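J.: model this:
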Amino acid sequence: MSEFLYLMKSELMITIIIFILLFLKIFRNEMNNGAVINFVNGLLAINLVVGFFGITEGGLFADMFVTSPLITLQKNLLSLGTFIICIQAGPWLRNHKHVMEFYMLLLSTLMGMFFMISSRNILMFYLSLELATIPLAALCNFDLEKRRSSEAAMKMIISSAFSSGLLLFGISFLYGTTGSLNFDDITHALTGTRLQVFSFVLIITGFAFKISAVPFHLWTADVYEGSPISVTAYLSVISKGAILFVFVSVLYGVFYPLQETWYNAIFIISIATMVIGNLFAIRQQNLKRFLAFSSIAQVGFILIGISGNSPEGTASVVYFILIYIFSNLGAFGVISLVSAATGKETMDDYKGFRKTNPLLAWVLTLSLFSLAGIPPTAGFFGKFFLLMAGAGQGNYILITIAALNMVISLFYYLKIVKFMFMDQNDNPIEKVEAGLFPKLAMAICIGGILITGFAGGCYEYIYSLIV
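T.: Just a heads-up that it's a prediction; the model follows:
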């Protein structure tokens, strides 16, 4: 029993929090939003701390569920990102009618992601994926009075249903040709037949939809723009990070015998994702759409690290996701505060932003610098390790294209900085007051951007969990 509690401590903690909120909703529905927000933030802080204790390794349910120090770290990173998003969401949620429901849906998706990361059985993986996806569609529609929020939820449902159909189609072929649903048995049964390669193509297509890789990215910008900013941040960072963790595990583990095939696929998809993501990001005016295409371009860089097919590749992906959590949530934190206070979400609105909100302007600037990969921010080191992992395959054409795309990305990231610090605005955004929790979230993000870049031991620790 003690082993069960240790191995599933992350999932059990989330389940306990969900039940606590459910009981409060039923029996203490008169609680005001401020008290609920403070209470849930406290529970999430406890969950984050508990996640770092009792790290162990083992499996449950005939090894359908496994955990290890690396898997535990991945879950803790997702818990950290969720905690930051929840304390950022305070100003928006204080005036919302369904605060309890928001947290229950959010934590349900997080629990699904935890099970997905620990899955070593395709059936369990798929059920976990659906648990992580379906509540997200409801969250996209959480701005109930806005039509575009309903449109975002509908597009999320349609795209998820389509990608899940392709994934199930590929899984059925894989099961038919290998006779097993367990990851290890499938790996040993793969011989590279045409039907197995076809099943792999369908499965990688399903993953590509989930991570918004080109050409399966068309839903991303519309869903990001229509969803509440806190949900957009969750989609961009937590949901994508969880899928990428599983994607690395599936490629390096289940489909290791087909590495030559999937390397060629990753090579093409990574180039297309970087180029298309950057070109469309240049054209955006709405900041949520801008960050949507920015996140698509970032996926292209992550795929380069994955293409390395090495322990360095896994370490670089986990390290970059950690940095991406701080960088992207730092940017989303500022945009969320401004949107909640003024409703403004376009780039032109941020002209002269430094004069009225110097602190927020610097937080947004450092976050954009990190996303662009400008030293000495952590984003530079994250992309450096991704490119070094990709260079292990000796494909310097891919590295050259990535370097050129980094130069292109500098243009649209620095354009926002120019608007805030150099341009004038006759009607600038007024002074935005940030509460205690949003300030704490920004402090965590900026501290993470600076510390994870200079603390070389961070990458080394992640690497030590893999080798």
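J.: Hmm, V237 and L329 touching each other?
T.: Yes. Here L329 lies in contact with V237, judged by C-beta atoms under 8 Å, at a distance of 6.1 Å. Placement of C-beta: from N, CA and C, glycine included.
J.: what's the overlap in contacts for these two?
T.: Residues touching both L329 and V237 by C-beta atoms under 8 Å, 6 or more residues apart in numbering: G81, I85.
J.: Would you enumerate the residues in contact with the residue lying closest to S227 once chain neighbours are set aside?
T.: Setting aside the residues directly before and after it, S227 is nearest to C140 in space (C-beta to C-beta, 6 or more residues apart in numbering), at 4.4 Å. By C-beta under 8 Å, 6+ apart, the residues touching C140 are S149, A152, A153, M156, V223, G226, S227, V231, L235.
J.: what does the model give F83 for pLDDT?
T.: Note for F83: predicted pLDDT of 92.
J.: what would the contacts of C140 look like in CSV with neighbour count and distance to A62?
T.: Compiled in CSV, those are given as follows (neighbours: other C-beta atoms under 10 Å; distance: C-beta to C-beta, whole Å):
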residue, neighbour count, distance to A62
S149, 21, 42
A152, 28, 40
A153, 22, 37
M156, 26, 34
V223, 27, 37
G226, 24, 42
S227, 28, 38
V231, 30, 36
L235, 23, 33
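J.: Among the residues you listed, find me the one that's closest to G34.
T.: V231 (20.5 Å; C-beta to C-beta).
J.: Mind listing what's buried along the host helix or strand of the closest one?
T.: Using DSSP states H and E, V231 maps to helix 229-233. By 16 or more other C-beta atoms under 10 Å, the buried positions in helix 229-233 come out as I229, S230, V231, T232, A233.
J.: What sits closest to the fourth one if chain neighbours are left out?
T.: Okay, so that is T232. Y224 (4.7 Å).
J.: before we move on, what about the last one?
T.: Counting by C-beta to C-beta, 6+ apart, the nearest residue to A233 once its immediate chain neighbours are dropped is F332, at 3.9 Å.
J.: Low-confidence ranges, the stretch 1-150 of the chain, go.
T.: 1-5, 28-29, 55 (pLDDT under 70).
J.: quick one, strands of it?
T.: 58-60, 65-67 (DSSP state E, counting those that start in this stretch).
J.: which strands and helices sit next to the first one?
T.: Helices and strands touching strand 58-60, as assessed by 3 or more C-beta pairs under 8 Å, 6 or more residues apart in numbering; DSSP states H and E, comprise helix 2-7, strand 65-67.
J.: so what's the residue lying closest to T220 once chain neighbours are set aside up against?
T.: Spatial nearest neighbour of T220, excluding adjacent residues (C-beta to C-beta, 6+ apart): S212 at 4.3 Å. Remark: with contacts taken as C-beta under 8 Å, 6+ apart, S212 is in contact with W219, T220, K240, A292, S295, I296, V299.
J.: Which one (most neighbours) among the residues you listed?
T.: T220 (28 neighbours; other C-beta atoms under 10 Å).
J.: surely that residue meets L291?
T.: No. Assessed by C-beta under 8 Å, T220 is found out of contact with L291, at 10.2 Å.
J.: centroid residue for the protein?
T.: Centroid check for the chain by C-alpha atoms, centre = their mean gives V237 as the closest residue, at 2.4 Å.
J.: pretty sure V36 is touching M100, no?
T.: Yes. With contacts counted by C-beta under 8 Å, V36 reaches M100, the gap being 6.4 Å.
J.: what touches both of these two?
T.: In contact with both V36 and M100: L24, using C-beta under 8 Å, 6+ apart.
J.: Can you show me the helices along the stretch 101-250 of the chain?
T.: Applying DSSP state H, counting those that start in this stretch to the stretch 101-250 of the chain gives helices spanning 122-140, 147-178, 183-189, 194-211, 220-226, 229-233, 240-249.
J.: just to revisit the earlier point, Throw the contacts of C140 into CSV and include distance to T377, thanks.
T.: Listed next are the contacts of C140 as CSV, based on distance: C-beta to C-beta, whole Å:
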residue, distance to T377
S149, 33
A152, 31
A153, 34
M156, 31
V223, 28
G226, 30
S227, 27
V231, 26
L235, 23
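J.: which of these lies closest to I282?
T.: Closest to I282, out of all of the contacts of C140 and judged by C-beta to C-beta, is V223, at 20.5 Å.
J.: hang on, isn't the closest one packed against K155?
T.: Yes. If you go by C-beta under 8 Å, V223 and K155 touch, sitting 5.4 Å apart.
J.: wait, L398 sits on G308?
T.: No. Checked against C-beta under 8 Å, the pair L398 and G308 is beyond contact range at 10.4 Å.
J.: Touching both of these two, which residues are there?
T.: Counting by C-beta under 8 Å, 6+ apart, the residues touching both L398 and G308 are G390.
J.: the more surrounded of the two?
T.: G308 (26 against 21).
J.: wait, what's in contact with the more buried one?
T.: By C-beta under 8 Å, 6+ apart, the residues touching G308 are S316, A389, G390, A391, G392, Q393.
J.: Model confidence for it, exactly?
T.: 82.
J.: in which helix or strand would I find the closest residue in space to it that isn't next to it in sequence?
T.: What sits nearest to G308 in space, not counting adjacent residues and going by C-beta to C-beta, 6+ apart, is A389, at 3.6 Å. Following DSSP H and E, one finds A389 within helix 378-391.
J.: For that helix, give me every contacting residue.
T.: 301-302, 304-305, 307-308, 310, 312-313, 315-317, 319-320, 323-324, 326-327, 369-375, 398-399, 402-403, 406, 448-453, 459.
J.: From these, list the buried ones, please.
T.: Neighbour-count burial (16+ other C-beta under 10 Å) applied to these gives 301-302, 304-305, 307-308, 310, 312-313, 315-317, 319-320, 323-324, 326-327, 369-374, 398-399, 402, 406, 448-450, 452-453, 459.
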